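Peer 1: Next input, structure requested:
(chains A, B and C)
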Amino acid sequence: MAGIVAVAPAEGQLAGRPAALWRQLLRSPRGVIGLAGLVWFVGIAIVGAILYKNPLPTGTTSASVFLPPSRTYWLGTDQLGRNVFDEIMLGAQVSVIVGFAATAIATTLGAVIGITSGYFSGPTDTVLMRGTDVALALPALPLMIVLAAILPRGLLTIILVIAVTSWPGPARIIRSGVLSERERTYILRARAVGCREWRIVGRYILPAVMPVILANAALLTAVAVLNQAVLAFLGLGDPTHASWGNLLQGAFDGGAMLQGAWWVIVPPGLCIVGLVLSFTLLSNAMSEVLNPRLNPS
Amino acid sequence: MTLLAVDGLSVQYRQGNQRLQALDRASFEVGAGSRVGILGESGSGKSTLALAILGMLPPNGEVTAGTVSLGGRCLTDASAKELVQVRGRDVGMVFQAAMNSLDPLRPVISQVMEALMAHPGVVENKAAARQRAAELLRMVEIRDDYHGMYPHECSGGMRQRVAIAISLASGPGLLIADEPVTALDVITQFQILSLLERLKHDLGLALIFVSHDLGVIANICDEAIVMYAGRIVERGTVQEVLRQPMHPYTEMLVNAMPRLTGTRGAFSGIPGSPPSLSSLPPGCPFHPRCPVALAKCSADEPTETVLGSGRTASCHVVAAGVST
Amino acid sequence: MRTGSLRSVVAKRLLWLVVTLAIVATINFWLFRVLPGSPLLEITREGRLSAAAVRELSNSFGLNRGVGYQYLDYLRHIFTFNTGLSYASQVPVTSLLFPALVHTLILVAAAEFLIAVFGVWFGVRAGAKPGSFLDNTIVTSAMAFWSVPTFWAALLLQLLFAVVIPIFPIFGMQSLSAPASGVGHVTDILMHLVLPAVSLAIVSYGQVVLILRNSMTEIIGEGFVLGVRAKGVRERKVLWGHVVPNAFLPTLTVLVLSAQFLLAGTIQVEVVFSWPGLGLLMVQAVSTRDLPVLEAAFFLIAVAVVVLNLIADLLYAWIDPRVRFR
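Peer 2: A predicted model of the protein is given here:
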């Protein structure tokens, strides 16, 4: 039945019109700002990777510790006398890499489970969903802390730990999307005509829920960046690679608060906020594009 | 005695940067106790008319011209506060698919009670409201043991009857019903229509009945107004309009109804579809689909030709026929 | 067509609670005892402890017996609340856990209160006029605050109000100089509570605002709002009597899901302000490798979250009559 193709999705069905969605996204102010922010930070990460290498040089005397911003040190120095500005440039990579990698894993896993569960229903669905429910019931940060404490320190651990706690969300959301898509007339027609199930999933269901997957992925990336920062701050991050969270952790433990060394505290946090906000805005803009009711014209 | 007078009412909707003329200079009157049917397809402006009367247009709609007066009081100029007092009290409204006009979180009797207590003087206290609500529900033939139910536990017909009870709670003189039976099966339709008939009889209720269903309007109304693309194209008594339609659109509508008696013939319909409001044809909006269109029809908009007392049609062909 | 009773919903949920707790306990067991490289096995193998200590640890954790036996032993320990001794301080773990739990609950309650008040207030204002300037301002600022890592918000507040403008205490729950009971005691605790609670609330209120605003926009678009207006009900009553209650239902779900978010925030805030709660306890246990404490704290937190979910589910069923049908 290779030649049989189901009739195109009914009007109002946004799947299969990615170009139109893209254009709408670019028209919304939040979408544009989000994208701009994303490009900006990825740019910083790339520049930082080229210009600097781990580890950064520490200060030579105790007087070089916690120096306020000056012409030599644009953002001052940290508890070990290192140049804060350099650290921020260098630390961008970790946030970006962990954010994307953890999200990719979690989304893929969530999509596989969500689509299988939603499309094939029956006992598969029940088992998978019960499993997802239990996974959702486990508190995220405590679990991440425990896992990060048990497993060897490193970037890969962080990525895995974050992915492991993030997949249930997308699984549920994608499953909902699949459930509503599955009942559409064009799918029923495809099945009535004898189209094989996996083909239907690949050709129709997947593209149809792709917008939902992507909007959710943007949000997930925001969460992943936040989680990486938190884990680093709690001392569970990767000590060999500079990151914004590590920077804050070192400063806090090193007594930055009591010294009033705001230059070590404020800039890394602003960067984290900036990156997370970019993804949040992007995700918000994407879901508005998908659900115009929330955005009265 | 005229209860409601609509004069030159025009309504526009804002969509993006476009303005759509959903209603164009509609004028008609409703006398006390009379039943007026507003007939038209989807997009003809009939629902807009119903909503505009009570100032209940959605946020992107506005009245751009004309007036609506109720018993001498002007509603189009009225403030939001004054409108709130009119709604439910002087004019009741029933919507299509009443399943959606009831709050899913409250039992039906409490929603009737809310209608009773919304206006001062209808009932003295909550207990009286509960009693009266129970009476109203009984009046629309809902058994006592169903009074405490939630909307999702009731059938479509029951919900519609609850909506009718709600609309009559404060004793309005006029009821506007927008496609009240469209979403129901034929048997339930019959029940609801009989109910409306009985209410008219017992309460002397005036009725504006909006529908696309010729048969239903023929059944329950005295007068008929036909709408197309936001304009009134024909009006008269139900007998006149349906037995001797003057406007080509009305004539084709009437002919489109299959007959159970008489000789068998082919089905007839109206070719084409109603124009989109964003791209109305020039002149008479019906001319692209009209079998008897003249050259004039694509250029000038027709005005109302008076054919008798309360009988008009907006059509160049009719106008030409009258003047000869 | 009668409704399902509230009782059957409760019964079903309680059953699910028990099943979930059993699964959580099993996962906990697996994490700490069975997982290769599990800290207990690691420690006993590392040789940092004397042979006698290793034997004692192995015995108390049953490591020298089969996995099945360990599991049963573990379950027995749970039911008798026997969580062993803290490795670091040699006191019973329970004596550390429960005071910490209380302190955390105080913090969470204070934060939830602030979140509920500000979240609902802003959420309804935004939802009532979607697309307006007010709406956009509220939504954008809510999103901005949500993007802030809780620990950073805590750090900033600490910097600002404890170091630069020293109004509030910088850490801990009580000052040494404060009275041990009475009004002075309570006031002292409240003063220490302000910064941590505000840090928590500021980051999390945005979620409530967003979800409430979105569901209000949806509800207002639904038909029954028109029906209520047609009765002649005043606009304020339409909003608060009908739209908000209906909009609250999905909000409730998110409030529960966001409890996890709040939990994550609590851990961070406790670390920054040295607030002696479960979060701080857990993080300290990681650095001292105090495994009995870590394991028990994790389990306790997991149980708390599951119970919270249950309460929210039941609340939902009570408010929304449609849910009882299931």
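Peer 1: quick one: B:P288 and B:S273 touch, right?
Peer 2: No: judged on Cβ atoms under 8 Å, B:P288 makes no contact with B:S273 at a distance of 9.9 Å. (C-beta placed from N, C-alpha, C; glycine too.)
Peer 1: neighbour count winner among those two?
Peer 2: Taking other Cβ atoms under 10 Å in any protein chain shown, B:P288 and B:S273 do not tie; B:P288 has more neighbours (15 against 11).
Peer 1: pLDDT value on the residue of the stretch 101-250 of chain B at minimum distance from chain A, please?
Peer 2: At 18.3 Å from chain A, B:P104 is the closest residue in the stretch 101-250 of chain B, using Cβ to the nearest Cβ. Among the per-residue scores, B:P104 shows a pLDDT of 82.
Peer 1: so is it in a helix, a strand, or just coil?
Peer 2: coil (DSSP: H, G, I helix; E, B strand; the rest coil).
Peer 1: Counting neighbours, what do you get for the residue lying closest to it once chain neighbours are set aside?
Peer 2: Take B:P104 and drop its neighbours on the chain: the residue closest to it by Cβ to Cβ, 6 or more residues apart in numbering or on different chains is B:P151, 5.6 Å away. By the measure other Cβ under 10 Å, the count of residues near B:P151 is 24.
Peer 1: My guess is B:P151 contacts B:D103. True?
Peer 2: Yes: when contacts are counted by Cβ under 8 Å, B:P151 is listed as touching B:D103 (7.4 Å).
Peer 1: Surely B:G43 forms part of a strand?
Peer 2: No: secondary structure of B:G43 (three-state DSSP): coil, not part of a strand.
Peer 1: In space, what's closest to the residue nearest the centre of chain C - neighbours in sequence excluded?
Peer 2: Central residue of chain C (Cα atoms, centre = their mean): C:L263, 3.4 Å from the mean position. Of all residues not flanking C:L263 in the chain, A:P139 sits nearest, at 5.4 Å (Cβ to Cβ, 6+ apart).
Peer 1: before we move on, what about A:C271?
Peer 2: In space, A:C271 is closest to A:W244, 5.5 Å off (Cβ to Cβ, 6+ apart).
Peer 1: From C:V272, how far out is the one you found?
Peer 2: Distance of A:W244 to C:V272, given as Cβ to Cβ, to the nearest Å: 16 Å.
Peer 1: residues touching the residue nearest to A:C271, list them.
Peer 2: Residues near A:W244 by Cβ atoms under 8 Å, 6 or more residues apart in numbering or on different chains: A:I88, A:G91, A:A92, A:V94, A:S95, A:A229, A:A232, A:P268, A:G269, A:C271, A:I272.
Peer 1: what do you get for A:F41?
Peer 2: With contacts defined as Cβ under 8 Å, 6+ apart, A:F41 is in contact with A:A92, A:S95, A:V96, A:C271, A:G274, A:L275, A:S278.
Peer 1: That one falls within a strand, correct?
Peer 2: No: under three-state DSSP, A:F41 sits outside any strand and is assigned helix.
Peer 1: Helix or strand: which one has B:L20?
Peer 2: Element membership for B:L20 (DSSP states H and E) is strand B:18-31.
Peer 1: Relative to that strand, what are the paired strands and their orientations?
Peer 2: strand B:2-15 (antiparallel) (DSSP bridges).
Peer 1: Return the residues in contact with the residue nearest to B:P104.
Peer 2: Contacts of B:P151 were listed using Cβ under 8 Å, 6+ apart, and they are B:M99, B:L102, B:D103, B:P104, B:V108, B:R159, B:V162.
Peer 1: make it 6 Å
Peer 2: Taking Cβ atoms under 6 Å, 6 or more residues apart in numbering or on different chains as the criterion, B:P151 is in contact with B:L102, B:P104, B:R159.
Peer 1: Could you point out which of the residues you listed is nearest to C:V24?
Peer 2: Distance to C:V24 across these (Cβ to Cβ) is lowest for B:P104, with 34.7 Å.
Peer 1: Count the neighbours of the closest one for me.
Peer 2: For B:P104, using other Cβ under 10 Å, the count is 18.
Peer 1: cool, and A:F66?
Peer 2: For A:F66, the neighbour count with other Cβ under 10 Å is 23.
Peer 1: I'd guessed it sits against A:Q259; true?
Peer 2: Yes: with contact defined as Cβ atoms under 6 Å, A:F66 reaches A:Q259; the gap is 5.4 Å.
Peer 1: Below-threshold pLDDT in the stretch 201-324 of chain B: ranges please.
Peer 2: B:324 (pLDDT under 70).
Peer 1: Just the helices from it, written as ranges.
Peer 2: B:214-220, B:238-243, B:248-256, B:316-323 (DSSP state H, counting those that start in this stretch).
Peer 1: one step back: now the residue nearest to C:L263: how far from C:N28?
Peer 2: Relative to C:N28, A:P139 is positioned 12 Å away (Cβ to Cβ).
Peer 1: List the contacts of the residue nearest the centre of chain B.
Peer 2: For chain B, B:V210 is the residue whose C-alpha lies nearest the centre (Cα atoms, centre = their mean; 2.6 Å). Going by Cβ under 6 Å, 6+ apart, B:V210 touches B:I38, B:K46, B:A50, B:D178.
Peer 1: Could you find the closest non-adjacent residue to the residue in the stretch 201-326 of chain C positioned nearest to chain A?
Peer 2: Residue nearest to chain A within the stretch 201-326 of chain C: C:A264 (3.7 Å; Cβ to the nearest Cβ). What sits nearest to C:A264 in space, not counting adjacent residues and going by Cβ to Cβ, 6+ apart, is A:L141, at 3.7 Å.
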